[in-house]
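Asks: Structure of the sequence below:
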Amino acid sequence: MEHTDKQGNPKIVSECSLPLTGEGVVQRIITDLAVIDVTDDGLVLRECAPGVAEEWVRGATGAPLHQLEAQPA
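Replies: Numbers count the residues shown, from 1 in each chain. Below is the predicted model of the structure:
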């Protein structure tokens, strides 16, 4: 999915303004900019798309993102 709408507004937000049909079902969000996990502690930025800076993802997201965690070797 695209991370933002056609006007550049975030699609990933802190609070949904539409009725929810599957609350608590989503565990991972994959967009054109990043991979974000949905955890009990909030959203965790797992990976940025190639050539996309973490700061750009954070700026294009309408909800707080927890620190990008290093992947084990």
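Asks: For the one residue sitting closest to the centre of the chain, what is the enclosing helix or strand?
Replies: By Cα atoms, centre = their mean, the chain has its centre lying nearest to I36, at 4.4 Å. For I36, the enclosing helix or strand under DSSP states H and E is strand 34-39.
Asks: ok, that strand: who's next to it in the sheet?
Replies: strand 28-30 (antiparallel), strand 42-48 (antiparallel) (DSSP bridges).
Asks: in the shortest one, what's buried?
Replies: It refers to strand 28-30. I29 (16 or more other Cβ atoms under 10 Å). C-beta coordinates here come from the backbone N, C-alpha and C atoms, glycine included.
Asks: cool, the last one as well?
Replies: For strand 42-48, the neighbour count (16+ other Cβ under 10 Å) marks 43-48 as buried.
Asks: so can I have TSV of these showing pLDDT?
Replies: As requested, those are arranged in TSV below (pLDDT from 0 to 100):
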residue	pLDDT
L43	96
V44	97
L45	97
R46	95
E47	95
C48	96
